[in-house]
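Asks: This is the structure alone, sequence omitted:
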């Protein structure tokens, strides 16, 4: 894991879905670089506040607050950004991490489950990106803190390119994120706004606990990963903090896959 070196001092970052899993790791990694962090949560208030308390004990971190918002709701996202700006005056980084799964075979999928996943995973990313773009364009480049006017980091998935039967709503939302991110880059790079995605593979988070705690299921999963290990949330946090920094300034409009090689389709290692 990359060691923090205070690359984000005097910057403020919103992390949606930041109360657990990958979001929690991202919030901790970015805070350790000196940034102020806004931990967004939908329903996990206790977890968000516990994380905020943990971050507040890190002497390298900036200030930290929590803010409840359902990212699929326009008014909630507007409130999230207003609260963040009222507290910290500027917003420099938005990590759109909030995401959910509601799985079933497509022929049996309820419209409500399709709409809920698309609403959080894709519409939520649009709403946060729109709010961030307006903030970044209004503020412009703060040369004392960053070469960029602002940074948007979308949390995607290897399933933006790998089909996933039984999870069509999730895969469709992640495929949509890829085009959303690239379209933002195409339209707003001229304003020195950077927009990229991180696509995790199999990461050891509570959402897939039943897999990594079961030896047989874990063995089956590792057949999909050339590196033969499941990833850790901190590895996503390291990439996010680097993407938010000036060290990655010329990276714009791309997806970074953090997957141990899963997108290399290991099933074809011996001609399939």
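Replies: Happy to help now that I have it. Since the model is a prediction, treat every value here as computed from it, not as a measurement.
Asks: Strands along the stretch 101-250 of the chain, start to end?
Replies: Along the stretch 101-250 of the chain, counting by DSSP state E, counting those that start in this stretch, strands occupy 150-155, 193-200.
Asks: Now do the shortest one, average pLDDT.
Replies: The average pLDDT for strand 150-155 rounds to 98.
Asks: Quick one: work out the angle between it and strand 193-200.
Replies: If you take axes from the mean of the first three to the mean of the last three CA atoms, to 10 degrees, strand 150-155 sits at 20 degrees to strand 193-200.
Asks: Counting by contacts, list what strand 150-155 packs against.
Replies: Packing contacts for strand 150-155, counted by 3 or more CB pairs under 8 Å, 6 or more residues apart in numbering; DSSP states H and E, involve helix 21-31, strand 93-96, helix 124-139, helix 168-188, strand 193-200, helix 233-243. Bear in mind the C-beta positions are built from the backbone N, C-alpha and C, glycine included.
Asks: Swap in 6 Å and give it another go.
Replies: strand 93-96, helix 124-139, strand 193-200 (3 or more CB pairs under 6 Å, 6 or more residues apart in numbering; DSSP states H and E).
Asks: now what about that strand, what contacts it?
Replies: For strand 150-155, the external contacting residues (CB atoms under 6 Å, 6 or more residues apart in numbering) are 92-97, 125, 129, 132, 136, 177, 181, 193-198, 240, 243-244.
Asks: quick one, which of the strands of the stretch 101-250 of the chain is packed in tightest?
Replies: Among these, strand 150-155 has the highest mean neighbour count (mean count of other CB atoms under 10 Å), at a mean of 26.
Asks: Helix 21-31 and that one, what's the angle between them?
Replies: Interaxial angle of strand 150-155 relative to helix 21-31 (the same axes, to 10 degrees): 150 degrees.
Asks: Helices of the stretch 1-150 of the chain, start to end?
Replies: Under the criterion DSSP state H, counting those that start in this stretch, the stretch 1-150 of the chain carries helices at the ranges 21-31, 45-56, 74-88, 111-118, 124-139.
Asks: between the first one and helix 233-243, how many degrees?
Replies: Taking the same axes, to 10 degrees, one finds helix 21-31 and helix 233-243 inclined to each other by 50 degrees.
Asks: Right, I'll leave it there.
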